[in-house]
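Enquirer: Here is the input, now give the coordinates:
(chains A, B and C)
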Amino acid sequence: MASLTLRGITKRFGRTEVIRGVDLDVKDGEFVVFVGPSGCGKSTLLRMIAGLEDISGGELRLDGRLMNEVQPAKRGVAMVFQSYALYPHLTVRDNMAFGLKVRGVSLPDRLKQVEAAADTLKLGALLDRYPRELSGGQRQRVAIGRAIVGEPQVFLFDEPLSNLDAELRVHMRSEIAALHKRLGTTMIYVTHDQIEAMTLADRIVVLRDGLVEQVGTPRELYENPFNLFVAQFIGSPKMNILPVAAVRLPAPAGAVKVGLRPEDLRIVAPGAGVVDGTVVHAEYTGAASLVHVGLDGGETCLVVCQGDGPGDGARVGLGCEVGRVRWFGDSGQAVSQS
Amino acid sequence: MSEFLTPRRLALISRICWTSALCVVAIPFLFPFLWMITSGVKSAAEIFGAPSLIPRHWQWHNYVEVFTYQPFARQYFNSLYISLSVTVLTLLFASLAGYALARMRFAGAAMVGLFLVSALMVPEEVTIIPNFFLMKWLGLIDTHVPLILLPVFGPHGIVATFLMRQYFMALPKELEEAGRMDGLSRLGVWWQVAIPLSKPALAAVAIITFLHSWNLFLEPLIFVSSLEKFTLPLALTNFTDPYGVPLWHLQLAATSLAVVPILIVYLIAQRQIIESFALSGVKG
Amino acid sequence: MPRPATVPMANDDPPWLSLKMREAMEAWLFLGPTLAGFLIFFAGPLVAVVGYSMTEWNLLSQQSTFVGLKNYSHALTENPDFWLVVRNSAIFALGLVPANMALALALAIALSRPFRGVVVFRTVFFAPVVTSAAAWAIVWKFLLQGEAGFVNQMLAYVGIAGPNWLREPNWAMVAVIATRVIKMVGLNMILYIAALQAIPRDYEAAARLEGASSWQIFTGITWPLLGPTTLVIMVITTIGSFKVFDHIYLMTGGGPENGTLVLAFAIYEQGFKFFNVGYASALAMIMFVIVMGLTLVQLAVRRRDT
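Expert: All right, here's what the predicted structure looks like:
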């Protein structure tokens, strides 16, 4: 197990800089999730940690050792790929043992370690099959098995669940969380799905355009986003962003935008809340309804409403606890209430 | 009348017409093979007697004479081992270079690709004269070395390189990255991951390369002069009497011996072979 | 905590090669044999042939003198054989390419849809492609003999007195083109079949619903969609026609009366029979320019279309 340190990491492809100076400290045994929209550089950053992409600038350290120019296999990291990357011409057993074989581990030891990893992941019955004979979920599990068999110090996951259907994704998510609890190994996990990030992470790193926007626990990101981007990226449905003038609240100095989470708003009588509008359309989802409210200023505001919402065309007011309102300055940075 | 010509019958008639037309067109494609095989067991006189496909007198002796007239067995072996050498070397070098072009990042990659493409534009005939002097200078005239090296590194080898590159580029990249995470060197990834996954491309390259070398004519004609070093296509032309008049029956028997094994392999693997050519044709 | 034995750790000294340099070095090693062969057997000879083409060099006299562009100007203005070669090559290409392509397309259309026996026909039409040109030429040379040849004997049955195919200049050209077409048409046929099968069947179904006839479908949909394939096939076949050597060498030897003396054969004859290295090299350069021109045209048109 190991800690990981990134200092001023940059990556250039030709003239375009895709990673523009990332600093990060990952503690031993921590589960860190890189999240961000596509093209933000999260996968590139992960691949740089793996050694699959060379590092254009900055320092990468594992347990204090400089890793910039170390071959991928000698870094003590293992990776689970998005497409699983199982060798189609090898059985599950040989897939899992392949890395050990390359490293010169003896056959009895190889078999022992593969069996142990297979037990952990309940893969015993699949060991003699070929990848094409496995379901998506089984392949996923084998890919994880291949990673743990070498007992790496850091696990890297590159969007491992994005090829699974929704139900299986939820299931594998909990398995990965359980695996982390059991092994206690440092894990770095890339996803574009903020729910995955929120549920798995000890800490989340939000990336945009090759820069870190914010690092923090899921709760910190949700409660105290540093800026508009993080505020809108974390949380579902997305936070409503309105001009300060649209709401009847005392704005702090410097604030130009106000953020209201749909789940913090509640429907009240017109005039009784912070803003008024007309219901345009309500989506019933069972436990709650998503109510689209056309505000008088012209903006649309989304409200999560327990049970049935008001009918289309109803005049409503929207209320919110003052403590849940977020304020943002003209460059998008968060402005505190006090 | 219209009751007779139901749409179903009309379709049947049109199909019969089509098939008959195709059969007629097929005659000049098929007949030379049949005639070659049956004439190989005719006497010289009968070949140019009244036209017939089936020999009146089966002269199996032709096939013995083919081997005594000139060292035909040796020439057969020459073709076989030269074509196999060319195939193995082409597979090796084309897959190595193709892999580097497909997967590896280095300064000048685009330049190298462009250089190699330029070789596709230049027929062997253009460079054959300097290559002759090069081989002469190296003392390799009347050896098999030019017959092996020139196809491997000539335009054909470049076509093979680009075919391999194309195929490698379509392989899932993550598999090779998994190989590197597992501790393989570049060469290890190439040999243990990329090559096992590229069997269809390797088979296609092997097929077109073997046939290319097997059928080569200009190069043997220029580089080889002693009988026991001839390859098959050249040997076939050499069944003549001292005045240069062809010994027809022997020539046709020998040609049958050269062509029939290839045809048998072709009939067994026609699908694979035709696809290989389609692949290289689209590329070239 | 003890580290697992299976994961070797790097030491703290930076390696003497960065990962990036290492990758580049490995790439050059992978490319090494191919690049070396390219330089020795292609690039070098290509430069040499330019040089040779500017010398007067007869192998028998073992002397070479620099003459500049004299070989070229001699060919263009004085040597009547040169224009004969050009004419023959042009006739050969103009005869071979359209015949080959038309037959290939017709066969491809007939064989692009599955029916009973389609594989047999495809196999038959493609068989000459895998056969050596030497064997093919030898057999056809027999079949096309004057009176005793099989073709003329068959023609005699229906009352036609066939010409002495390979001994009369014009007929020799016809015979050489026709047998070459039969030999190579299978290749273009499968390229066309692949292209035809890549056209979505929905297009045809939609056109049929709108009442289009088969001919309208062909001219309005199929033929335009085959455009890129047709271009590629045309260029490949034209280049191939300029490279034909073994076929001519074995069937006619460039004769009769130089009636089938084409470019590739002339290079061989001048270089390796008459030992006029300079002149042969000039011819090789002309071939190079023609083939390169055709390839560039193809690339240009392809780029314009995409």
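
Enquirer: I'd like the mean pLDDT over stretch A:323-337, please.
Expert: What stretch A:323-337 shows for mean pLDDT is 85.

Enquirer: List the contacts of residue 46.
Expert: Using chain A. A:34, A:79, A:156, A:158, A:188, A:190 (Cβ atoms under 8 Å, 6 or more residues apart in numbering or on different chains). Just so you know, the C-beta spots here come from the backbone N, C-alpha and C atoms, and that holds for glycine as well.

Enquirer: I was after chain C.
Expert: By Cβ under 8 Å, 6+ apart, the residues touching residue C:46 are B:122, B:126, B:127, B:130, C:288.

Enquirer: In helices, which of the residues you listed fall?
Expert: Counting by DSSP state H, the part of these found in helices is B:126, B:127, B:130, C:288.

Enquirer: per-residue pLDDT, the third one?
Expert: Looking at residue B:130, its pLDDT reads 90.

Enquirer: so it makes contact with residue C:50?
Expert: No. The criterion here is Cβ atoms under 8 Å, and residue B:130 misses it with residue C:50 at 9.6 Å.

Enquirer: of those two, who's got more company?
Expert: The neighbour count for residue B:130 versus residue C:50, taken as other Cβ atoms under 10 Å in any protein chain shown, is higher for residue B:130 (23 against 15).

Enquirer: what about residue 274, neighbour count?
Expert: Because you didn't say which chain, this covers chain A. Neighbour tally, residue A:274, other Cβ under 10 Å: 20.

Enquirer: looking at chain B here, not the other one
Expert: A count of neighbours around residue B:274, defined by other Cβ under 10 Å, yields 24.

Enquirer: just the strands in chain C please.
Expert: Ranges of strands in chain C, per DSSP state E, are C:55-58, C:63-66.

Enquirer: what's the answer for the stretch 51-200 of chain B, then?
Expert: Using DSSP state E, counting those that start in this stretch, no strands are found in the stretch 51-200 of chain B.

Enquirer: From the centre of chain B outward, give me the first residue you hit.
Expert: By Cα atoms, centre = their mean, chain B has its centre lying nearest to residue B:211, at 1.2 Å.

Enquirer: can you pull the contacts of that one?
Expert: B:262, C:130.

Enquirer: one more time with 7 Å
Expert: Residue B:211 makes contacts with residue C:130, as judged by Cβ atoms under 7 Å, 6 or more residues apart in numbering or on different chains.

Enquirer: can I assume it sits in a helix?
Expert: Yes. Secondary structure assignment places residue B:211 in a helix (DSSP: H, G, I helix; E, B strand; the rest coil).

Enquirer: And the pLDDT for it?
Expert: 89.

Enquirer: Repeat that for residue A:10.
Expert: Confidence for residue A:10, expressed as pLDDT, is 91.

Enquirer: Relative to residue A:53, how far out is it?
Expert: 11 Å (Cβ to Cβ, to the nearest Å).

Enquirer: for residue B:151, same thing?
Expert: Residue B:151 is 39 Å from residue A:53, where distance means Cβ to Cβ.

Enquirer: out of those two, which sits in the more crowded spot?
Expert: The neighbour count for residue B:151 versus residue A:53, taken as other Cβ under 10 Å, is higher for residue B:151 (26 against 22).

Enquirer: Show the contacting residues for the more buried one.
Expert: Residues in contact with residue B:151 (Cβ under 7 Å, 6+ apart) are B:86, B:157, B:212, B:213, B:216.

Enquirer: Specify which member of those is nearest to chain C.
Expert: The shortest approach to chain C among these belongs to residue B:157, at 7.0 Å (Cβ to the nearest Cβ).

Enquirer: so what's that closest one up against?
Expert: When contacts are counted by Cβ under 7 Å, 6+ apart, residue B:157 touches B:90, B:93, B:94, B:151, C:37.

Enquirer: Mind checking which of those land in helices?
Expert: Among the contacts of residue B:157, DSSP H puts B:90, B:93, B:94, B:151, C:37 in helices.

Enquirer: any idea which of these is closest to residue B:177?
Expert: residue B:94 (23.2 Å; Cβ to Cβ).

Enquirer: Which residue comes closest to that closest one once chain neighbours are left out?
Expert: Spatial nearest neighbour of residue B:94, excluding adjacent residues (Cβ to Cβ, 6 or more residues apart in numbering or on different chains): residue B:160 at 3.8 Å.

Enquirer: on that earlier part again, and the contacts of residue B:151, which two are the farthest apart?
Expert: Greatest spacing in those, by Cβ to Cβ: B:157 and B:216 (13.1 Å).

Enquirer: Skipping adjacent residues, who's closest to the residue in chain B positioned nearest to chain C in space?
Expert: Per Cβ to the nearest Cβ, residue B:153 is where chain B lies closest to chain C, at 2.8 Å. Once flanking residues are discounted, residue B:153 sits nearest to residue C:37: 2.8 Å by Cβ to Cβ, 6+ apart.

Enquirer: And residue B:271, by the same measure?
Expert: Sequence neighbours aside, residue C:119 is the residue nearest to residue B:271 in space, at 7.9 Å (criterion: Cβ to Cβ, 6+ apart).

Enquirer: what's the distance between the residue minimising distance to the centre of chain C and residue C:190?
Expert: In chain C, the residue lying closest to the centroid (Cα atoms, centre = their mean) is residue C:240, at 1.8 Å. Separation of residue C:240 from residue C:190 (Cβ to Cβ): 15 Å.

Enquirer: do the same with residue C:95
Expert: Separation of residue C:95 from residue C:190 (Cβ to Cβ) stands at 22 Å.

Enquirer: and those two? which has more neighbours close in?
Expert: The residue with more neighbours, out of residue C:95 and residue C:190, is residue C:190; 23 against 18, by other Cβ under 10 Å.

Enquirer: Report pLDDT for the more buried one.
Expert: We have a pLDDT of 91 for residue C:190.

Enquirer: got the residues of the stretch 101-250 of chain A near chain C?
Expert: Selection of the stretch 101-250 of chain A residues close to chain C by Cβ under 7 Å from any Cβ of the partner chain yields A:103, A:105, A:150, A:151, A:152, A:153.

Enquirer: and residue A:213, helix, strand or coil?
Expert: At residue A:213 the chain is in strand, as set by three-state DSSP.

Enquirer: And residue B:200, how far from residue B:171?
Expert: Where residue B:171 is concerned, residue B:200 sits at a distance of 11 Å (Cβ to Cβ).

Enquirer: Please say which of those two ends up with more neighbours.
Expert: Legend: neighbour count by other Cβ under 10 Å for residue B:200 and residue B:171, higher for residue B:171 (17 against 13).

Enquirer: Isn't that one up against residue B:197?
Expert: Yes. Contact status for residue B:171 versus residue B:197: in contact at 5.6 Å, counting by Cβ atoms under 7 Å.

Enquirer: For stretch A:317-332, buried residues please.
Expert: A:317, A:318, A:319, A:320, A:325, A:326, A:327, A:328, A:329, A:332 (16 or more other Cβ atoms under 10 Å in any protein chain shown).

Enquirer: what's that stretch in contact with?
Expert: Counting by Cβ under 7 Å, 6+ apart, A:225, A:227-229, A:231, A:249, A:251-252, A:254-261, A:264-276, A:293, A:301, A:303, A:334-335, A:337 sit against stretch A:317-332.

Enquirer: Just the CA atoms of that stretch, as PDB, please.
Expert: Output in PDB follows, covering the C-alpha atoms of stretch A:317-332 (Å, rounded to 0.1, in the frame of the first residue of the first chain):
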ATOM      1  CA  GLY A 317     -43.900  30.500  -5.100                       C
ATOM      2  CA  LEU A 318     -40.600  28.700  -4.300                       C
ATOM      3  CA  GLY A 319     -39.200  28.600  -0.800                       C
ATOM      4  CA  CYS A 320     -35.800  27.800   0.400                       C
ATOM      5  CA  GLU A 321     -33.800  27.800   3.700                       C
ATOM      6  CA  VAL A 322     -31.400  30.700   3.600                       C
ATOM      7  CA  GLY A 323     -28.600  28.400   4.800                       C
ATOM      8  CA  ARG A 324     -29.000  26.200   1.700                       C
ATOM      9  CA  VAL A 325     -28.600  29.000  -0.800                       C
ATOM     10  CA  ARG A 326     -25.200  29.300  -2.600                       C
ATOM     11  CA  TRP A 327     -23.800  32.500  -4.000                       C
ATOM     12  CA  PHE A 328     -21.300  33.000  -6.800                       C
ATOM     13  CA  GLY A 329     -19.300  35.900  -8.000                       C
ATOM     14  CA  ASP A 330     -18.800  37.100 -11.600                       C
ATOM     15  CA  SER A 331     -16.000  34.700 -12.300                       C
ATOM     16  CA  GLY A 332     -18.000  31.800 -11.000                       C
END
